[in-house]
Structures are given as C-alpha cells and as structure tokens.
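**Student:** Structure for this input, please:
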Amino acid sequence: MFQSGLFVPDFVEFWKSINAAQKAAIAGNLAAAEAGLNRANALGKTGDADFDSQRRNVVSLLARTYKLTLTGTGDADSDPGDSHDLQATGRPAMAEPGPTAPTGASTGAPVALGPITADGTNSVSLVTCAMNRTENLLKALPTWLACPEIAEIVIVDWSSDVPVRAALDAAGVDDARVRVIRVDGEPRWILSYAFNIGFRVARGGRILKADADITLSSDFFARNRLDPGCFIAGNWRRAQEDQAHVNGFFYLHKADLAAVGGFNEFITTYGWDDDDIYERLTAHGADRRDVDPRTIFHLPHSDAERIGAGSDEEVSARGEITGGTMYRIRRNRFLANVMPYWDRNKIPLPLEGDADTGGDMRLVRSGWLPNPVPPQIDADADYYALLEMTAWRLGWRVLGLDRAGLQTLTSQPFDRLSPLTVEVLLAGRPGMSPAPGGYLVVDLETEIPSGDNASARALERLDGLAAEQGKDLVLRADLMALPPEASALACSLPFVPTWENIGTPASITTEALMRGDLPATSGPDLRIILDGAAVAALTGAGTGAGADRAAPAVTSGRARLFIDAQHGLGNRLR
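**Tutor:** Numbers count the residues shown, from 1 in each chain. Prediction:
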C-alpha cells in the first residue's frame, strides 16, 4: 500500500501478525494465535480502502476457521461465529458464480471447518467425493465396506443434483461408518476443494483416498502395508492399459497429508493434482511406494464424464488438443510450477455449516476466495499447454510462435498443417494465415530472381500457376535469407532455408504443373525445383548462350537420381 508516496508500515506489520497467528493456530497454540490475530486487528484503518477491506476479510476468516476470539480495536468482526459477509468486502470475486446458501439443512451443531490436522487415531478413514457420479459410487461402496480395517468412509457430496445421502438411503445402504459431507451451491466439480474437505473432517490417522469409481480387493490391507515414513500410490506405469486412472489413488499417514496441505487448491480443473501432491509428499520426506495393482480396480467411464462437456471446436487443431485430458494435465502442471508452493500454511477454502449427531455435515462456502489464480497466469497456462502439445505434433519450431501465430496456426485442422506451415508463419508478415489450398515450395537451383532476369519471369509464371491451383508460393534455397537485389515478388514471399524441416510435400514437375496435373497426395503441399531447364520451360526461352541446347540429362521431366557421395564413394564414381 502507498500513501502520499510512502510505504505504509502497518501493511507489513499486519501481514507479519497474520502469518504468526496462522502458524500458531496450525501448531495448536491457540493462545499465541489469538494474540497474533488481535495484534493484526488492532492496527486500525490505514485510509486505503482496498487494504482495509482485505484486512477485515483475512482477520474474520482466520477467527472463524480456528475459532479464535477477537478483542482488538479494529473494525473486523468481534464474533467469529456471526454472519459477516466477506465476499462483499472487496476481495477478488470467484471465477464461477457464488454458492447459494444450503436449503433444508439440519439443525445440528454449527461448524467452521478448519485445516487438515495431524491428529487422529491409528484407524483408517477412506475419503471419496462425488458430483452426480452416484452410480459408480454405489458399485464401489460395498468393496470398501467389506474391509473391516476401514473405520469410516467420508463421502463429500459436491452439490450432486440428487443428494448422495438420499441415494444411499434409496439403495438400502445402512452402515454407521458412512459419513456424508454435503457441500451446497457449487456450480462445477473441483477435485482439490472437495477432497481437501474430506481430509479436513476425517478422524483417522491414516487416510485412504479413492475416487468414487475405485474398488478394493478384500486383501488390500494385507498386500499394502503402510509403514512409517512412506505413502502408497497408484502408478499408471505399472497398471494395465485400461487402468491408467488408478494413478490418483493413494494411502498415507494423515500427518504427512497435513504437512503438505493436501491437494493444491490453485488447481481447480482436471489434471496434475495427483502428480503435484506426490511431488510435495516426496519433497517432505515420504517415500513413495506403488500400490499392488491386483488390489484396486478402476471402473471404466468416458473422458467426457471425467472432465465434463467437450470442446465446441471439434475440427480445429486447437479444439482437438484442448478437448483432451492431456491438455488439462499440462496446463495445470504449468500452474503448479508458477503459482506459490502449496503447503500447510496456505488458507484452505473457507466453509461453514452444521453437523448432525450421525457424523454427516452440511456446508457452504463462506467468505472470499483465498487462493485465486490471476487471470494472466490462467491465460499463460492455456497458451503454454497449447504451444507444447502443438509442438509435439508439428516439431519444436512451433515454440517460436507468439500467441497470435499460435492462434492462427491452430485455427486450422491438423490434416491441413505441417512443419512447412509453421515455417511460413515464422517467416511471414504479421497477420499471415495458412494457405487454404496449401503451398507450392519452389526450390531455387538457378540464379536468384532479380530485376528482369529469366528466373524472375519464371517465378512470376509459377506464381500465376500456383494461384490457379489455390496454392501460395514459398521460396527455399541454401541461404539464410534472400539477397537485397531479389525481385519484388521474391521478397514478398515467405522464404525458408533448406536446412529447416518442411515435412514431405509431394514433388511435381514443371510440365505437370503447367498442365494442371497435380499428384494425388495425402497432404495439400507440393514441391517443385526451379533450375535452368524449368526456367526455360516456364519462359519459353533459355537463360543464356547455349541454353536452347540443354543437355538431356537435366531436361525437365526426366527422372533424376541424386547421390550424396561420402566416405570415398565419390572417388570411386569418378
């Protein structure tokens, strides 16, 4: 914050006090946490509206989350249990529509959900989540209940259209180990939020995280012993071909989970959440071990169910890439690398609601979104994921395209793109688009077209013939760039050095092009050699003295064999 050109000291002191209070609360030292929070609250107003609204939000959120009492002189809420509307105080709005208040909630004890803690018995809590995926949940649930080692099953119902508890009742599921945590008002599935809620309410000292479509064998715990200092996780590399999605399964000590803060809440779309938490667990010092693949099974379902509705750009390269799961994985990998490191000191999604005596809860978001991803970082993640995956298909030179160039390239279907398209965009003028009918690559093996020489006239003829076939010309030669004396037409065309990859355009002769006899190829691009014979054919005259008596060996239209003589073969040929 700046005021009259000077840095406001209260801003620094405020955040120091907030950080101290949060660390103390996580450590269980509530007296120190209250002292730190009250120091922050006592700073008073700075006169900066943005800072004051942020201060009120943070103080109130921490007081509610950790059930701390405020006694300071600031204007934040003094009662951590009241209904202060944090979302209306100027913090960044949520990317999606805000949640609605729960309707028909039970009248149990009020709760303000705290962070993941390291406490709990040595029992096992299985944590799962569902949003309109109850069919698979009902198939998997009996295999979990068949394991006596599981002391509780926490099901986070992420705003399913038909509440999970109602679906369980209708299916006749009646087991005291099953707890349903209903979160109301959520417009879309967010795995990191949902599972972290389950981890926050779980009572066991060991956590088994399983998606709603994962079944367990009865000997799971006999075959997967959880030793101190390790965690057990699915591994797509060891899984059968149709079982790659077991990669998100893990079994670990709750203390290790609390130490890394659970799932990374900067990741709010499909992908990379499992690899991210495994990397942080490993960095924390936990040893990763593979789950016995015989003891878990992933019930199959489509990617559309997994990531939601597909892209409406089914034809373009961009639509083909962004409609797949790998794109979401790569973009979230970028986000995880760029955003601050996720750990136990991050504030999780604030929630409040009530709990009944059976262990069920009904919750709703409360307050501002504590971990927003800035829009420009989100846009960068989209760009770099698309850039990376396009380069997988068309070569590393794609990485040289700026955002406009990548947008232009990927607006076309992949079957109309090649490494040549990339080179044209890299060499072209701003706003250049891929040629709808493809390109005619002209390999210059004669003098450079300049002034009014024969090569320049031949190039003009080629330009006209290419236009008749709906193709654009591209020049290619063993040069870094065309010399300044090149003709105006030559300088206006994209130029690609011969050492750059252009793919494999089909070759065509001058005579065939003049007849309009194009080869039937799998791609739209063609390649032609502009040598002395071709210049003569295109201009109807030679390029110099004696050119009308061109040797038969180089007459255009004859088959040619090119030999790259190496390692003494040239001497033998002579």
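
**Student:** Now do the strands in the stretch 451-574 of the chain.
**Tutor:** For the stretch 451-574 of the chain, applying DSSP state E, counting those that start in this stretch gives strands covering 472-477, 495-497, 506-507, 526-530.

**Student:** closest one to Leu518 among these?
**Tutor:** Taking C-beta to C-beta, strand 526-530 is the member of the strands of the stretch 451-574 of the chain nearest to Leu518, at 7.0 Å. The way it works is simple: take the backbone N, C-alpha and C, and place the C-beta from them, glycine included.

**Student:** any idea of the angle the closest one forms with strand 472-477?
**Tutor:** Following axes from the mean of the first three to the mean of the last three C-alpha atoms, to 10 degrees, one obtains 50 degrees for the angle between strand 526-530 and strand 472-477.

**Student:** other SSEs contacting strand 526-530?
**Tutor:** On a contact count with 3 or more C-beta pairs under 8 Å, 6 or more residues apart in numbering; DSSP states H and E, strand 526-530 meets strand 439-444, helix 454-468, strand 506-507, helix 510-515.

**Student:** can we see that at 6 Å?
**Tutor:** strand 439-444 (3 or more C-beta pairs under 6 Å, 6 or more residues apart in numbering; DSSP states H and E).

**Student:** Do a quick rundown of the helices in the stretch 351-500 of the chain.
**Tutor:** Taking DSSP state H, counting those that start in this stretch, the helices of the stretch 351-500 of the chain run over residues 375-394, 403-410, 419-427, 454-468, 488-492.

**Student:** Highest mean neighbour count out of those helices?
**Tutor:** Burial of the helices of the stretch 351-500 of the chain is given as mean neighbour count (mean count of other C-beta atoms under 10 Å); helix 419-427 ranks first at a mean of 23.

**Student:** I'd like the average pLDDT over that helix.
**Tutor:** In this model, helix 419-427 carries a mean pLDDT of 93.

**Student:** Might you calculate how far the one helix or strand Tyr327 maps to sits from the centre of the chain?
**Tutor:** Tyr327 is part of helix 325-338, with elements assigned from DSSP states H and E. Once both centres are worked out by C-alpha atoms, centre = their mean, to the nearest Å, helix 325-338 turns out to sit 3 Å from its chain's centre.

**Student:** Please apply the same query to stretch 324-342.
**Tutor:** Put simply, stretch 324-342 sits 4 Å off its chain's centre (C-alpha atoms, centre = their mean).

**Student:** List of residues touching that stretch?
**Tutor:** 261, 264, 266-267, 269-272, 276, 303, 307, 321, 377, 381, 384-385, 388 (C-beta atoms under 6 Å, 6 or more residues apart in numbering).

**Student:** any idea of the mean pLDDT for that stretch?
**Tutor:** 96.

**Student:** same check, this time on stretch 495-506
**Tutor:** 93.

**Student:** got it, and stretch 197-211?
**Tutor:** 96.

**Student:** Next: stretch 381-396.
**Tutor:** 96.

**Student:** which other residues reach that stretch?
**Tutor:** 321, 327, 330-331, 334-335, 398-399, 403, 406, 419, 422, 501.

**Student:** 8 Å instead?
**Tutor:** 317-318, 321-322, 326-327, 330-332, 334-335, 338, 397-399, 401, 403, 406, 409-410, 414, 417-419, 421-422, 501 (C-beta atoms under 8 Å, 6 or more residues apart in numbering).

**Student:** hang on, the earlier thing: for ChimeraX, write a command that selects the buried ones of the contacts of stretch 324-342.
**Tutor:** Selection of the buried residues among the contacts of stretch 324-342 in ChimeraX, burial being defined by 16 or more other C-beta atoms under 10 Å:
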select :261,264,266,267,269,270,271,272,276,307,321,381,384,385,388
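
**Student:** re earlier: export the strands of the stretch 451-574 of the chain to TSV and tack on distance to Thr71?
**Tutor:** Formatted as TSV, those follow (distance: least, C-beta to C-beta, whole Å):
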stretch	distance to Thr71
strand 472-477	75
strand 495-497	73
strand 506-507	82
strand 526-530	81
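
**Student:** In this structure Trp144 contacts Ile153, no?
**Tutor:** Yes. Under the criterion of C-beta atoms under 8 Å, Trp144 makes contact with Ile153 at 5.7 Å.

**Student:** Can you pull the residues that touch both of these two?
**Tutor:** Counting by C-beta under 8 Å, 6+ apart, the common neighbours of Trp144 and Ile153 are Leu126.

**Student:** Dump the strands of the stretch 451-574 of the chain to JSON lines, plus distance to Gly540 and mean neighbour count.
**Tutor:** Output for the strands of the stretch 451-574 of the chain, formatted as JSON lines (distance: least, C-beta to C-beta, whole Å; neighbours: other C-beta atoms under 10 Å):
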{"stretch": "strand 472-477", "distance to Gly540": "20", "mean neighbour count": "22"}
{"stretch": "strand 495-497", "distance to Gly540": "27", "mean neighbour count": "18"}
{"stretch": "strand 506-507", "distance to Gly540": "23", "mean neighbour count": "14"}
{"stretch": "strand 526-530", "distance to Gly540": "15", "mean neighbour count": "21"}
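
**Student:** Alright, calling it a day.
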